[in-house]
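K.L.:
Dropping the sequence and predicted coords here.
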Amino acid sequence: MPSPRTSRPSPLRPVLLLGRRWTVALGLAVAASTACTLLLPGFLARAVDRTLAGEGTGAGAQLVFLVAVFALAESGAQYAAPRGAAAVTAALRASTVRHLVATGPGAASPRTAARPEAGDLAARLTGSAPLAGLAGAAVVYTAAQVVTAVGAVAGLCLLAPWPALAFLVAAPAGWWLVRRQVGRTARHGEAYQVAQAAITTRLVEALRGARNIRAAGAEGPELARVLGPLPELSRHGHGLWRSQRQTAWKVGLLAPATHVAVLAAAGAELAAGRLSPGGLAAAMAYATIGLGGFGAAQSLLDLARARSGAVRIAELCAVPAPVAGTRLLPAGAGRLEFHDVVLHPSLRSLDLTVPARSWVAVVGSDDGATSAVAALAAGLTAPDAGRVRLDGADLRTVRPDRLRSAVAVAFPDPVLYGATVAEALTLGHPSIGERELAQAARSAGADAFLRRLPSGYRTPTADAPLSGGERQRTGLARALCRPFRLLVLDGATASLDRATEGAVLDSLTLHATGRTRLCATRSATVAERADLVAWLEDGRVRAMAPHRELWRSPSYRALFTAELAQEAPAPAPEDAPPPRPGGGPAPAEAKLPVPASDDAAQSDPDPRPSGDPAPTEEDVPDPPSDDAARPGPEGTPAPEPDDTPAARTPAAPITVPGGRHP
């Protein structure tokens, strides 16, 4: 039984299949050239002998014809080799990019168990793919040169055994040198590519954070970090040149010595009358052709380099691409269901139902887990186990075009693709009209600053400098302009300030009324406006209820500690009235309910636990106006209009939406 190592398919096979048309054309041209090369010494011997015998120039004409065919075949080979390499390189890059888009560039290769960085991806596509493209030409030329050398030795044996024996004594040393050089070159070549990719990866990271590096005055340390693999790169590069140099001068000495040995043996045969002058010329030609077999070293080196490049490309394509679904999405209002979903390492046994036409916020201490829920809901990631269904259809079985038309997604760091801002907003849906586009931009709070660009929506994306918040609103507009039934937001308002975020969410409520929304967030503003909040803990849903009910739990409030700390009011002055009587710690955490229907979102606004006494008139101040009493996103009441130290009320440590103490 073959071992896994020996049964593993060669990484060169898919590369050769990609360029098989050009490889076949090159093979035919090289075969014709090789045949002419092997026939040339015989025609040369006949022409020399007939010329010396004065028998005419017929053999000379045949020799000229053979040389012409050889030149034509070589011209075809010189055309087919680079064209085939270019075609294979382009096909490799295209297929690899398509595979990366299908699987996601962050997927780990099963061969290396590592996730390639952006710089590594760029290095493989720009450096390893062209090397792999040399595979077809390297295989053809290696085979042709081996056949040529073997044919030359056979012809020399038939012509004169002693010159052939002299050649065979010297040839093995040359082949040993070639084989040794190929082994060293393969090792150095692969290590050289790895070091080069490491430098590229660090350079991309440095360019991405160039402003921060410059602001911190860390150019020197960062440059040292980027160039850290340079000694390794230099070592392997020098190893490549050293190997080639040593082989070159050794073969360079061996070739003349072989020529001298063959010439001496052939001269002895000529002196003994066993070899004609034409035979002497043919013997020297066969020796030259046989020594040309040493030129297979370069082809073998190209083959070794092509194999190392193919291995690095194969590592990117080793992640199996998901099988595209073929099912149409059934009609529905956007009911989303997670059934026992597992996604390593973030989710385990997740059961969650998002009712149709509802707004559900997904919160948790692990942002990776909440983002995983968003990616699963959008069909961007397939679960390791379990099912994600939209209106009863498993997302893995739905046709990608139908899924992308029904689900709109907005990310925390959207990238604007397209020649203009309008093209970036309509990415994947070019039929969206200007009216729908402007309406979506207004709902996302992006229309005003997009119209202020030099050419409005037709401004080139390269000439549209946008802040982080503006870019997020533009990405949200891109999602809203689609005819979705499910809107998935993954931290899509994280860079907005409280006022802007509140305005955008109000517009979003109107724009997406009657459609399902799922938001992965750490914002209390989003959670407060949602109908229901799914609270994740340890990869599962701990509780699902409205924000005001979950706010009773100190563990739930702790999820928003950072935001509350940033938005906390100024401490009360020393002469401020003391806190209200009875203002003790928050009540003990109780088991939270999971409502079975949308009616849970309309629960009693009073968040006090059952059994607490009702507040007295001393505890509850006079009702303020609607604008003043409306709670902020983090659950703290807005300040009174008279915000003087004397009129400012003391801030409770933690408050509940609605302005009441727990």
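P.N.:
Sure thing, it's come through.
K.L.:
Surely Gly228 is in contact with Arg202?
P.N.:
Yes: at 7.2 Å, Gly228 and Arg202 qualify as touching, with contact defined as Cβ atoms under 8 Å. All C-beta spots, glycine's among them, are computed from the backbone N, C-alpha and C.
K.L.:
Settle it for me: which of the two has more neighbours?
P.N.:
Arg202 (19 against 13; other Cβ atoms under 10 Å).
K.L.:
May I ask which helix or strand encompasses the more buried one?
P.N.:
Following DSSP states H and E, one finds Arg202 within helix 161-208.
K.L.:
So Leu536 sits against Ala374, correct?
P.N.:
No: taking contacts as Cβ under 8 Å, Leu536 lies outside contact range of Ala374: 11.5 Å.
K.L.:
between these two, what contacts are shared?
P.N.:
Common contacts of Leu536 and Ala374 (Cβ atoms under 8 Å, 6 or more residues apart in numbering): Val362.
K.L.:
And for Gly76, the neighbour number?
P.N.:
17.
K.L.:
Pretty sure it sits in a helix.
P.N.:
Yes: applying DSSP: H, G, I helix; E, B strand; the rest coil, one finds Gly76 inside a helix.
K.L.:
which residues of the stretch 351-500 of the chain fall in strands?
P.N.:
359-364, 385-390, 393-394, 407-410, 486-490 (DSSP state E, counting those that start in this stretch).
K.L.:
Can you add mean pLDDT and mean neighbour count and give the ones you listed back as TSV?
P.N.:
What follows is the strands of the stretch 351-500 of the chain, written out as TSV (pLDDT from 0 to 100; neighbours: other Cβ atoms under 10 Å):
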stretch	mean pLDDT	mean neighbour count
strand 359-364	96	26
strand 385-390	95	19
strand 393-394	96	17
strand 407-410	94	25
strand 486-490	95	26
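K.L.:
Compile these into TSV and extend it with columns for distance to Pro330.
P.N.:
Output for these, formatted as TSV (distance: least, Cβ to Cβ, whole Å):
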stretch	distance to Pro330
strand 359-364	21
strand 385-390	9
strand 393-394	6
strand 407-410	14
strand 486-490	13
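K.L.:
closest to Leu12 out of those?
P.N.:
For these, proximity to Leu12 was assessed by Cβ to Cβ; strand 385-390 is nearest, at 36.0 Å.
K.L.:
Note down every partner strand of the closest one and its orientation.
P.N.:
Here strand 385-390 is paired, per DSSP bridges, with strand 336-343 (antiparallel), strand 393-394 (antiparallel).
K.L.:
separation between the nearest residue to Leu39 once chain neighbours are set aside and Pro41?
P.N.:
Spatial nearest neighbour of Leu39, excluding adjacent residues (Cβ to Cβ, 6 or more residues apart in numbering): Leu66 at 6.1 Å. Distance of Leu66 to Pro41, computed by Cβ to Cβ, to the nearest Å: 11 Å.
K.L.:
And Ala477, by the same measure?
P.N.:
76 Å.
K.L.:
same deal with Arg50?
P.N.:
15 Å.
K.L.:
okay, the two: which has more neighbours?
P.N.:
Pro41 (24 against 16).
K.L.:
who's in contact with the closest residue to Cys481 other than its chain neighbours?
P.N.:
Leaving aside its chain neighbours, Cys481 sits nearest to Ala440 (3.6 Å; criterion: Cβ to Cβ, 6+ apart). Contacts of Ala440 were listed using Cβ under 8 Å, 6+ apart, and they are 425, 477-478, 480-481, 511.
K.L.:
Kindly report the same for Leu38.
P.N.:
So Leu38 contacts 148, 151-152, 155, 289 (Cβ under 8 Å, 6+ apart).
K.L.:
again with Arg274
P.N.:
By Cβ under 8 Å, 6+ apart, the neighbours of Arg274 are Ala160.
K.L.:
helix or strand for it, which one?
P.N.:
Here Arg274 is assigned to no helix or strand, by DSSP H and E.
K.L.:
With the one 4 residues further on instead?
P.N.:
With the criterion set as DSSP H and E, the secondary-structure element containing Gly278 is helix 277-292.
K.L.:
Let me see the mean pLDDT of the following helix or strand past that helix.
P.N.:
Of the helices and strands lying after helix 277-292 in sequence (DSSP H and E), the nearest is helix 296-316. The pLDDT scores in helix 296-316 average 80.
K.L.:
Likewise for stretch 12-32?
P.N.:
According to the model, stretch 12-32 has a mean pLDDT of 88.
K.L.:
Need the contact partners of it.
P.N.:
With contacts defined as Cβ under 8 Å, 6+ apart, stretch 12-32 is touched by 69-70, 72-74, 76-77, 80-81, 83-85, 87-88, 91-92, 95, 132-133, 135-137, 139-141, 144, 306-307, 310, 313-314.
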